[in-house]
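S.K.: Compute the structure for the input listed below.
(4 chains)
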Protein chains: 4
Amino acid sequence: MNARTPRFTGVIPPVVTPLTADGEIDTASLERLVGFLIEGGVTGLFALGSSGETAYLTDARKDVVVDTIVGAAAGQVPVVVGTIEQTTNRAVERGRAALKSGADAIVATAPFYTRTHDTEIDRHFRLVADAVDLPLLAYDVPVCVHSKLSADLVLRLAADGVLAGVKDSSGDDVGLRYLCLGARELPDFSVLTGHEVVVDAMLLGGADGAVPGLGNVDPHGYARLDALAAAGDWAAARAEQDRIARLFEIVTVADPGTASATAGGLGAFKTALKVRGIIDTNVVSPPMRPLDAGETARIAEILERAGLR
Amino acid sequence: MNARTPRFTGVIPPVVTPLTADGEIDTASLERLVGFLIEGGVTGLFALGSSGETAYLTDARKDVVVDTIVGAAAGQVPVVVGTIEQTTNRAVERGRAALKSGADAIVATAPFYTRTHDTEIDRHFRLVADAVDLPLLAYDVPVCVHSKLSADLVLRLAADGVLAGVKDSSGDDVGLRYLCLGARELPDFSVLTGHEVVVDAMLLGGADGAVPGLGNVDPHGYARLDALAAAGDWAAARAEQDRIARLFEIVTVADPGTASATAGGLGAFKTALKVRGIIDTNVVSPPMRPLDAGETARIAEILERAGLR
Amino acid sequence: MNARTPRFTGVIPPVVTPLTADGEIDTASLERLVGFLIEGGVTGLFALGSSGETAYLTDARKDVVVDTIVGAAAGQVPVVVGTIEQTTNRAVERGRAALKSGADAIVATAPFYTRTHDTEIDRHFRLVADAVDLPLLAYDVPVCVHSKLSADLVLRLAADGVLAGVKDSSGDDVGLRYLCLGARELPDFSVLTGHEVVVDAMLLGGADGAVPGLGNVDPHGYARLDALAAAGDWAAARAEQDRIARLFEIVTVADPGTASATAGGLGAFKTALKVRGIIDTNVVSPPMRPLDAGETARIAEILERAGLR
Amino acid sequence: MNARTPRFTGVIPPVVTPLTADGEIDTASLERLVGFLIEGGVTGLFALGSSGETAYLTDARKDVVVDTIVGAAAGQVPVVVGTIEQTTNRAVERGRAALKSGADAIVATAPFYTRTHDTEIDRHFRLVADAVDLPLLAYDVPVCVHSKLSADLVLRLAADGVLAGVKDSSGDDVGLRYLCLGARELPDFSVLTGHEVVVDAMLLGGADGAVPGLGNVDPHGYARLDALAAAGDWAAARAEQDRIARLFEIVTVADPGTASATAGGLGAFKTALKVRGIIDTNVVSPPMRPLDAGETARIAEILERAGLR
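M.R.: A predicted model of the protein is given here:
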């Protein structure tokens, strides 16, 4: 393996977006959350990711989120900003807003809602990279976007200097392995996994870091895991990952009869952060519902069991 | 069958959005297109649908499109406006913009990009209907939204006065039949099919009208088909539909090696309208490519064969 | 439209397979069912289709089913036999067994379980047709087979004399329309729809007949519908179809918490036939469960409402 | 972690089924292959898996395959036999045949072709286990079966003594992690991964062994990888896995314009085994085509590069 110096490594959580009771951005809670994450050892912050409810926010609220995170981070760690919009021109518009707000990089998906094509996806990333003067990461999340970024496409865009990295939330561990193998020849390129419970395995396989939604709740745990893996202590990394995997069961608490997987997942992250005293409410955006008292109690138990309060 | 007086009937094409060579809205072409459609016998205009490239337009350009169509329609036929956004708050924002521009109704999908749930979809439509003082139609297009609106959910929302109608582009002819059966008890509710080549069959099955993308290219044909069906002349309606089905083959002309189904479909509509002299360019939004000269020639042949020019 | 003389027209129900309490083929009930169907006006019998539980039967039981149906039909109507097996050699083996049992035609799907390819599907049908000296129909049922037969592929095989017809249970009404348009040039080729509640619409669009599972329960209704359509009385055909569509709601009776769609569907057909006195039990193959007493009562009500008993 | 003694560990390749030029089982090649695998260090043999073309074989040929493998293994390693049939009774029939042939265990999937339900899948495995007096493993392969076995369902069946293990080819690395966590409380239960290129990562995460199709081609490599992981030398295990991942590129050699993924994958395994001199032909079952001379040459190059010949 060549010496590599990928730009993004370690733990870069997709920061949740705290809301007030009436649905506005709770900037005070968001500032506390940023402080908690940086104190916990994260190496970057991903604003306006799926866990940040980006799909639910109007443009005005998105600007508030990025301004708040950039301000609170105050240059201690880089801030990468999601520009997750249906197509090119809209992603460019949001990318330029992120640049203006002081982002260090942007993260775009393939086009969605519309049907698309590998040729168009390739052109999409090139056009976004050309139009926004920031490093660009690709976000591969077929469960939302309904197309898959092939390893070949990502590696070609990386080799051409279009992409600075990729966040892989595809669940395609075979594809991720080939990304990692291909990245051997791309010294600066970053391969980041989005899957909370297999970070140890993906780091063993060659990933450079992780973007775990659960990292909002337990940044210290992920930072430990990353350090153990970097030190080659894989048995201890696995033990830490196993503890975290059990913590991740908070995402299964919400009643699936009345909550989507999204509501159950990010609702659990917000509820856990409220239980831990970091943010003020567990309000989520409409049309989702927040977790209720019974669900909150169950999450508190799981936190307790995992050694978090 | 009870006497019904559904609000939306006949042919309501999803109006394509002409672009200039540099990608701006070509308002002159758009005004000509509106005139062509009204002259052709359409009963309404659907702005900012999938065929209108809504997924590709920034908010500022969307406002231009709606203002132009409303202005050109000048009250001759109603204008329904798509508010096809990822989630509730964003759809409401666009719905209010449509209201301000003078729309007669809005059309919303279920949430997309994010994972969702029937409970959330139900709440989404109720919140949008509450927040925007216009009739609301649901747009069922699983190939884009990746969830299906069940007949039960749509009929319940209709019975509760939330929905004024549905555009069904789901390809689920069985579900559509049950929508039509259920609508017997809902005098004002409109069931519209989005499938260009089975309009005769869906009208026989009880649909109230059609929202055919191909209606941009051949509004006269669809108006004839609708009139024949209304008169009970099903054999002649079928013959007209068969002619139109052959015309629809224009959507298969684009090379599938370099164009998505979306680019091939709406690219064909724009190219046909250019060949027919209605709009000035066949430019489509990035990252799609326009149809080339060879593809244009093939489309001209199909138009010729279908008796158009 | 040219004069066409397709080989298979009218109503050809996929005959359910009655079972005894201990899971053996109930040949006496099966013989009564065949008599009931022929008396009801069907134009053919499809043995070992999905509704015939073909997926659940050992080869020995399949032989009993075909022998019984062929014997009871006694040449009054043709018997087509499903050879629905994972791949070519196995379909050929079952096709030869069907020939030996006196079948008039066989029906094969594309390969399943294994991943496949249009080139392989094309070769599959050619090899089966070559190896079994009976007319071959293609069965397009993506919900089971997980690939779709394109209209182009089917029409090419038809033009080459490989296929005598197609049963379309794809739910792709657009594709079916193009099959019907293409069949204009294929005088003997039969396009049959498998969708119970849109037979009127599909006949209007050019289909030659139907293969409705619900035809087991109400052969007389489907025979009337077919005759009305053939006479061009589309309004009356629609009314009959609407009555049948309401009858089809029997497939929604089984509790979806404990029954698959298959168990709910063919379980309903068997239960309705038991209620109507045609077969002795509503036993279904393991691992499915039969409909219970409450579900049976609900089915009896729906039958009553539809004018059956 | 408790001390566990899972029944199946190490490397248990799904043995390919060599064919003669005219499509019969090439028993001499199959015997050589079994010898090669045992000499290479495998800990078991999986007959009639997906890589063994089980979907393509008639029952008579399946019996030949199992008899040959059991005979050649001669008790040196256990032989587990796939009973991959559409539903319960058929799986039982094949399971009893496997028992008669001397199998040490059987492997069944959920029902396929038919639509199914978790309740039915649960009952299916219980009925198969009851009816066949051999240990039963579940095979989770959604790409073929089109349903996913949840970790909860598998662990419940394991706790009840129905399942002795699971082969996970689902690509759901998160689900696999929870299987491994749950298996901590099930001393005898075996979690085996079917994914060739992430065996190191899955072993780190707690898997007990692997069932790699590529293990036919390079049993020695997988045996080394397994030994390194068992010894806790994860860096060396990763290096071996990386070498194997590059070898796995043989499955991408076949022209995707004329070969399915199945044909390309198992065709590559057979071609590599022919190049390595273990089996006589690279013939595959109809309707697949064998790899051609150019594809064979490319596979020989990849073998060479991976240090094999």
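S.K.: C-alpha from now on. contacts and neighbour counts both.
M.R.: Fine.
S.K.: distance between the helix or strand harbouring A:Arg156 and the chain's centre?
M.R.: Following DSSP states H and E, one finds A:Arg156 within helix A:151-159. Relative to its chain's centre, helix A:151-159 lies at 21 Å (Cα atoms, centre = their mean, to the nearest Å).
S.K.: Whether it contacts chain B - can you check?
M.R.: No. Against chain B, helix A:151-159 shows no contacts by Cα under 8 Å from any Cα of the partner chain, the least distance being 14.5 Å.
S.K.: So for that helix, what gets flagged as buried?
M.R.: A:Ala151, A:Val154, A:Leu155, A:Leu157, A:Ala158, A:Ala159 (16 or more other Cα atoms under 10 Å in any protein chain shown).
S.K.: as a whole number, average confidence for the very next helix or strand once past it?
M.R.: For helix A:151-159, the succeeding helix or strand toward the C-terminus, using DSSP H and E, is strand A:165-168. Confidence over strand A:165-168, taken as the mean pLDDT, stands at 98.
S.K.: List the contacts of strand A:165-168.
M.R.: A:8, A:136-141, A:154, A:158, A:176, A:189-195, A:210-211 (Cα atoms under 8 Å, 6 or more residues apart in numbering or on different chains).
S.K.: And for stretch A:254-271?
M.R.: A:16, A:18, A:51, A:213-214, A:216-217, A:250-253, A:279, A:281-284, A:288-291, A:295-296, A:299, B:114-117, B:119-120.
S.K.: follow-up on the earlier one: of the contacts of strand A:165-168, which belong to strands?
M.R.: Using DSSP state E, the subset of the contacts of strand A:165-168 located in strands is A:Leu136, A:Leu137, A:Ala138, A:Tyr139, A:Asp140, A:Ser190, A:Val191, A:Leu192, A:Thr193, A:Ala210.
S.K.: Export the residues you listed as JSON lines, with columns for distance to chain D and neighbour count.
M.R.: JSON lines is the format used below for the ones in strands among the contacts of strand A:165-168 (distance: Cα to the nearest Cα, whole Å; neighbours: other Cα atoms under 10 Å in any protein chain shown):
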{"residue": "A:Leu136", "distance to chain D": "27", "neighbour count": "29"}
{"residue": "A:Leu137", "distance to chain D": "23", "neighbour count": "29"}
{"residue": "A:Ala138", "distance to chain D": "21", "neighbour count": "24"}
{"residue": "A:Tyr139", "distance to chain D": "19", "neighbour count": "27"}
{"residue": "A:Asp140", "distance to chain D": "16", "neighbour count": "25"}
{"residue": "A:Ser190", "distance to chain D": "18", "neighbour count": "26"}
{"residue": "A:Val191", "distance to chain D": "16", "neighbour count": "29"}
{"residue": "A:Leu192", "distance to chain D": "16", "neighbour count": "30"}
{"residue": "A:Thr193", "distance to chain D": "12", "neighbour count": "27"}
{"residue": "A:Ala210", "distance to chain D": "15", "neighbour count": "31"}
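S.K.: pLDDT of the helix holding A:Arg156, averaged?
M.R.: pLDDT averaged over helix A:151-159 gives 98.
S.K.: does chain D sit close to that helix?
M.R.: No. If you take Cα under 8 Å from any Cα as the test, helix A:151-159 misses chain D, and the best it gets is 12.3 Å.
S.K.: buried subset of the contacts of stretch A:254-271?
M.R.: Among those, those buried by neighbour count (16+ other Cα under 10 Å) are A:16, A:18, A:51, A:213-214, A:216-217, A:250-251, A:253, A:279, A:281-284, A:288-291, A:295-296, A:299, B:114-117, B:119-120.
S.K.: In helices only, show me the residues you listed.
M.R.: A:Glu295, A:Thr296, A:Ile299, B:Thr119, B:Glu120 (DSSP state H).
S.K.: Taking chain A, what residue is nearest to chain D?
M.R.: A:Ala201 (4.5 Å; Cα to the nearest Cα).
S.K.: Hmm, D:Val199 and that residue touching each other?
M.R.: No. Between A:Ala201 and D:Val199 there is no contact under Cα atoms under 8 Å: 9.8 Å.
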